[in-house]
Structures are given as C-alpha cells and as structure tokens.
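Chemist: need the 3D shape of this:
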Amino acid sequence: MITTNLTGESLSGSQTLLGDGSELIAVAPAGGQSLPGTFRNLSRAQATAVIEKAATAFGPYAKLHPHQRADFLDAIADELESLGDPLLERANAESGLPMARLTGERGRTCGQLRMFARVVREGSWVDARINTALPDRAPLPRPDIRRMLVPLGPVVIFGASNFPLAFSVAGGDTASALAAGCPVVVKAHPAHPGTSELVGRAIAAAAQKTGMPDGTFSLVYTDNEVAQAMVAHPATKAVGFTGSRAGGLALLRVAQARPEPIPVYAEMSSVNPTVILHDALQERGTAIAEGLAGSIVLGVGQFCTNPGLVFLTRSDALQSFLDTLAQKIRATAPATMLTPGIRDNYSRGIGTLTSSPDVMLLAQADTDARPDHTEGRPAVMTTTGAAFRANPALSHEVFGPSSLVVVCADETELATCIRQMEGQLTATLYATESDLSNTAHDWVLILQERAGRVLFGGFPTGVEVCEAMTHGGPFPATTDARTTSVGTAAIERFARPVSYQSFPDALLPLALQQANPLEIWREVNGEQSKES
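Modeler: You can find the predicted model right below:
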C-alpha cells in the first residue's frame, strides 16, 4: 500500500484549497482496493475563484522575460525527478501500469518540459516579422509594422487517463501553455488523483522557487459539471483535452456556446489504419504480423495510436499472415486496464463487433481475463471490405488490445474503404517498390488526407517527442487538424498573432525591439536575421 501523505486538497496558485463538494477516493484497478487519500471536489464558486486567480496572474506572467519562464519549466522537471520512486509507486497503484513503463513516462515528461524550456530560451517560436517604414514609397508611404505571437490567456487543461504523467498535470498541454506565457488550471483525472496531487505539488514548488506570479499554476479536483463551468468562464481563453470523443465534444459545445467562443484542442478517437499492399504481404507478411500483434497489445492497447484497423487484399500470403497474427494474440495474457470503466467499454466494444454477422473472431487470448483485476483480453477479428463499406460502426474505436483486419477484394476497394473513414492520428503504409509502381492509387496522398502522421512501415504506437512530430489529425482525431499536442509546434496552440504599427521602440515587446535584445531569429523585410 502506498503510504505517501496526501491531503486531498486542490491548489489555487500558492494556496491549498479543500473542496466543498463530493469526495473522491482512488481505487487500484489491479485488485479493486481503495488507496490512501480522500480528495474533495471543488464547488462551482471555488473553481470560479481559481480561474479568476489565473486571470490575475496572466499579465505579470506573460510579461516575464522568456528566460524566467524557461527556468520555471526546468525547475518543474527537477522537482518531478526529486519525487523519486513514491511518485512512480502511486502512479502504478492508481493505473496498473508497470513501473518500467512509468519510469519511461516520467523521463518523457521531464524531457518534454526541458524541450519547451529550450524553445522559450531560443525564442524564435514567436515568429517575429518586421517590415520597417518606407516613408518615401509612392504612391503611399509604408508605416513600420511588426508582428509576433503573444499568449492567449488562462488555459484549462484536462488530465488524461492513459498517461498519468506525460498527458496529465505536467504533460505536454501544460508544458506548452506555460511556455507560451499562459497560466494553467489543470483538472485532475479522477482515475489518478494521488499522482496528480504529487505532480501538482512539484509544479507549485517550482513556481515558488522561481518566483512565478501567484496563480500561474493551479490544480483542481472537480466534477464534470463544475469543469464545464470553468470552460465557460469568460477568463478562460483555451482548453486542452485528451480523452474520449464524447468528453471532447461536450467541452467543444460549451466553448462554442460562450458569448466569446474559445478554441478547444481535444485529442479524441482514432483507429490508426494500417495498409499492407500485395507484395509487402508476400515478402514480409509473417514479420509484419508479429510486429503488429506486439503493437496491438502494447500497454494493453490503451494508446490513442493503437493500430485498430488493418487493410489488405486477398492473396496467397493472406492465410499465413492471419495465422501468425492469431497465434501471437492467443499467446498474449490478459493484463490490467486503467479503470473498470475502460475495461467495460472495451468488452462491450468487442461484443458489439463479434455480434455482427459480417465479423469473425479470429483469435482471443487463451487465458480468460480476471474481472477483479480489471483485465482486458486481447482479440483480433476479420471482416470483408464490402462489409466495412456498408457498416460505419466497424470503423469505430475500441479502446484496448484489439484490431479488426479488413480483407478487401482488390486495391480499388481498399482505397474506397480508406477514403470513407473519418480523420485519424496516424496511418501506416507497407509497400514495396513494385507495389508502388504497379498501383493506380497515390497511397501517400490518400493516407495523408486522413491522418496527421503517416508512417512508411513500422508501427504507430510510440510518439517521439521532437520538433518534427505531429500528434493530431482531422476530426474526430482532434478538434483542430492544424495543430499538434506533441512536439515544439504545440506551443502555437496557446498563442495568437498581434501586429504593432508605428510603435515607439521602448513600448515594443523585446522580441520586436530594434536592437533585438533577445538575439532571436526574425524576419526583417523578408529576410531571416539576428541583426539589430
């Protein structure tokens, strides 16, 4: 049992706040026992006060020198690392995720924070553009015009269930919003409240050590009704969310119904199609099936990039591929899922698919799942291209360790299936040179129209945190296909462009001043320069 002392209080900037609302107790998915700590949800009035404190902090925080914000982000990473094993042990108890996975996730979280610190220090992310005055231009003179990105304002972020560290309290949404200069209010996910408190305290400690304005960061426990009221509050300027399609769309509706609509950056459902063309299946079918099985069951399938659909055509190599895939799935033991609700939804999803007369259960894990340990039983199913085209429900996400193999009559039917799909986070193509020279379809174009990240070979699980990564995609993968929640471009979600015309130099932001005191790259009269 985890013995770390937890108060169950929310954090309103530098102050702790015991909620007036209902109680929340964490339950271990592996075994179902209650975990130490009683957490109290905030009332609507309390949550409103937290948002208003964040609004008060916005001006002072946005005006800080970029290096001060960078120091804050670095300090958060240092504080998280200083928590040591108790953080990982609590996350393990609340999520059922293994210690090795959580150790890696903590490393990713800290690396992400330090990556955004580097971005802020380097400074070019503000996209400074300067057109100096042309007073003698005919027929009209040109005024001095300077443009850059500035922070939006307070951001409300919702912690994710499947990443208690990397997509939650100190995750990518928080890191990128703080980097942009926006105060952050995080709603803790009810599946891991203890982990959230530990991480929230670490951020609060970092804020105090680096002298951040009070209200720059807050952590709240609330129910869904109060959380929606936070989104509706006029001081809130953007929302970050990772979770279900229903949850993301509920927040989007609230945000759009405001007198001043605001952006909701929601990452929602994705089934991440994998396309295997004829010759690739002939040459590497067994190896692809083995790797695919591993990707399907990785993390008990609880990744937004889980390959939930596989498309191929009939060929001599098809049966060998299916046999290998089935063998690997049967040999994979059930494992603990994040919450009973996620496990129940997964079981219902498998039941819905297998009850369809057009879907055949190819294989399930040989070992039955243990209900008391919230286990998910891996499964793989098959259907035809014709059935897939006729039944849109076959393309719906089943969040867990499963995949549906769609066997198409030919490549034309396969292309039709892909084109009728909704937007996805990822799409993967297996093809040889002969496949690509013989096909009449431009597979790269077809797949990029449906996904934010296109892979040539490999498997979509595992999202590299780097400058070039896009973790987003057309609706309903996300609510805004122009953005990413991973990588340095994520900072752009929480900023907007402002142009300053004919301003005295002393009144301009540092990034636009004549001497370029931040020494950043700027576009000056159409050319990139660091010169003053």
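Chemist: any idea of the pLDDT on the residue nearest to residue 141 when sequence neighbours are not counted?
Modeler: The shortest distance from residue 141 to any residue other than its chain neighbours is 4.7 Å, reached at residue 135 (Cβ to Cβ, 6 or more residues apart in numbering). To be clear about C-beta, it is placed using only N, CA and C from the backbone, and glycine gets the same treatment. Taken from the predicted model, the pLDDT recorded for residue 135 is 96.
Chemist: so residue 135 makes contact with residue 144?
Modeler: No: the criterion here is Cβ atoms under 8 Å, and residue 135 misses it with residue 144 at 9.5 Å.
Chemist: what's in contact with the helix or strand that residue 80 is a member of?
Modeler: Per DSSP states H and E, residue 80 falls inside helix 66-82. The list of residues contacting helix 66-82 from outside it, by Cβ atoms under 8 Å, 6 or more residues apart in numbering, reads 61, 87, 106, 109-111, 113-114, 116-118, 120-121, 123, 165, 170, 175, 178-179, 181, 199, 202-203, 205-207, 209-212, 216, 510, 518.
Chemist: and residue 135 and residue 144? Which one has more around it.
Modeler: Using other Cβ atoms under 10 Å, the more surrounded residue of residue 135 and residue 144 is residue 144, with 17 against 8.
Chemist: ok, residue 432 to residue 322 distance?
Modeler: Using Cβ to Cβ, to the nearest Å, one gets 20 Å for the distance from residue 432 to residue 322.
Chemist: looking at the two, which is more packed in?
Modeler: Counting neighbours by other Cβ under 10 Å for residue 432 and for residue 322 shows that residue 322 has the greater number, 20 against 16.
Chemist: in contact with that one, which residues?
Modeler: Counting by Cβ under 8 Å, 6+ apart, residue 322 makes contact with 289, 362, 382, 405.
Chemist: what helix or strand does it sit in?
Modeler: Counting by DSSP H and E, the element that carries residue 322 is helix 318-330.
Chemist: roughly how far is that helix from the heart of the chain?
Modeler: Going by Cα atoms, centre = their mean, to the nearest Å, the spacing between the C-alpha centre of helix 318-330 and its chain's C-alpha centre is 31 Å.
Chemist: buried stuff in stretch 234-245?
Modeler: By 16 or more other Cβ atoms under 10 Å, the buried positions in stretch 234-245 come out as 235-245.
Chemist: tell me what the longest helix belonging to the chain is packed against?
Modeler: In terms of residue count, the longest helix belonging to the chain (DSSP state H) is helix 99-122. Counting contacts by 3 or more Cβ pairs under 8 Å, 6 or more residues apart in numbering; DSSP states H and E, helix 99-122 packs against helix 66-82, helix 85-95, helix 172-180.
Chemist: where along the stretch 351-500 of the chain do the strands fall?
Modeler: Secondary structure of the stretch 351-500 of the chain (DSSP state E, counting those that start in this stretch): strands at 360-364, 375-376, 379-384, 402-408, 424-430, 451-456, 495-501.
Chemist: for these, which one ends up most surrounded?
Modeler: Compared across the strands of the stretch 351-500 of the chain, strand 424-430 shows the largest average neighbour count, a mean of 26 (mean count of other Cβ atoms under 10 Å).
Chemist: what strands flank that one, and is each parallel or antiparallel?
Modeler: Using DSSP bridges, the strands paired with strand 424-430 in its sheet are strand 273-276 (parallel), strand 451-456 (parallel).
Chemist: nearest to residue 153, out of these?
Modeler: strand 451-456 (26.1 Å; Cβ to Cβ).
Chemist: any idea of the mean pLDDT for that closest one?
Modeler: What strand 451-456 shows for mean pLDDT is 98.
Chemist: how about low-confidence regions in the protein?
Modeler: 1-4 (pLDDT under 70).
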